[in-house]
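1. could you work out the structure for the sequence below:
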Amino acid sequence: MSILLVHGWGFDPGIWAPLRSALPDRDWRCADLGYFGPARTRLPPRLELVVGHSFGCLWALRHPGLAGVPLLAVNGFTRFAAAPDFPHGTPPRVLARMLTRLAQAPAEVLRDFHRRCGTAVPPGEPRPALGADLARMAGEDARAAAGPVLALAAADDPLVSVAMARQCFPGTLALVPHGGHVLPLTRPGDLARAIQAWLG
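-> The predicted structure follows:
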């Protein structure tokens, strides 16, 4: 049985390296959403768990081939943009401005984004999938989809606030005090323990 890892917007599969080192005996399969190189999103057979980081959680919830597969959300969300019934989301005007800037100066947008996350921009040239998936974040809503078996969030996440995470994942949210928006890099041990506990 395999575990599918899906990275978030602006990242690549390299974000999972610490987790894979923490649990080397697992059959890890990494999706690549194609932000800095060719996309690789073919689903492996015999999945027992999907782990979605940030937008990777929304991507997994909206993927028809993953319906019914248990999901662990990490810094994730079921909706990103604010709405009348989702007041803690990111204002749509912020996303619209970011989309415009991304079309004009993608390298600058990515530098600003990774500066907020405390990370480095992955190697490779920015690809159109960045704009397509940012647009998805501005419009898609997976709150009605089957929820994750567990959601991990950080109290100091600069992009997904605690209020937003609680609204996305009522009843399944586990908070850690520190770790920012990149728990796969900053808290791989906590993530490994959560996976081991769920898998038994």
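2. now residue 76: phi and psi?
-> phi -100, psi -180 (degrees, to the nearest 10).
3. the one 3 residues further on too?
-> Phi and psi for residue 79, reported as degrees, to the nearest 10, are phi -150, psi 150.
4. same check, this time on the one 4 residues further on
-> With angles defined as degrees, to the nearest 10, residue 83 sits at phi -150, psi 170.
5. and the gap between the closest residue in space to it that isn't next to it in sequence and residue 28?
-> Of all residues not flanking residue 83 in the chain, residue 89 sits nearest, at 6.5 Å (Cβ to Cβ, 6 or more residues apart in numbering). (C-beta placed from N, C-alpha, C; glycine too.) According to Cβ to Cβ, to the nearest Å, residue 89 and residue 28 sit 31 Å apart.
6. between those two, tell me which one has more neighbours.
-> Neighbour count, other Cβ atoms under 10 Å: between residue 89 and residue 28, residue 89 has more, with 24 against 17.
7. contacts only, for the more buried one.
-> Counting by Cβ atoms under 8 Å, 6 or more residues apart in numbering, residue 89 touches 79, 80, 81, 82, 83, 164.
8. need the residues you listed in TSV (columns: neighbour count and pLDDT).
-> Output for these, formatted as TSV (neighbours: other Cβ atoms under 10 Å; pLDDT from 0 to 100):
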residue	neighbour count	pLDDT
79	22	97
80	26	98
81	19	98
82	17	97
83	11	97
164	22	97
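9. mind listing the helices for the chain?
-> 17-22, 55-62, 92-104, 106-117, 129-139, 162-168, 183-186, 188-199 (DSSP state H).
10. want to throw these into CSV with distance to residue 174?
-> Shown next, in CSV, are those (distance: least, Cβ to Cβ, whole Å):
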stretch, distance to residue 174
helix 17-22, 16
helix 55-62, 14
helix 92-104, 27
helix 106-117, 20
helix 129-139, 23
helix 162-168, 10
helix 183-186, 11
helix 188-199, 7
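11. so of those, which one's packed in deepest?
-> helix 55-62 (a mean of 25; mean count of other Cβ atoms under 10 Å).
12. for that one, what is the distance to the chain centroid?
-> How far helix 55-62 lies from its chain's middle: 7 Å, per Cα atoms, centre = their mean, to the nearest Å.
13. I'd like to know which elements it is packed against.
-> strand 2-6, strand 47-53, strand 71-74, helix 129-139 (3 or more Cβ pairs under 8 Å, 6 or more residues apart in numbering; DSSP states H and E).
14. redo those as CSV? Include distance to residue 64 and mean pLDDT.
-> As requested, the helices and strands packed on helix 55-62 are exported to CSV (distance: least, Cβ to Cβ, whole Å; pLDDT from 0 to 100):
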stretch, distance to residue 64, mean pLDDT
strand 2-6, 15, 97
strand 47-53, 13, 97
strand 71-74, 14, 97
helix 129-139, 15, 97
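15. closest to residue 187 out of these?
-> Nearest of the helices and strands packed on helix 55-62 to residue 187, taken as Cβ to Cβ: strand 71-74 at 9.0 Å.
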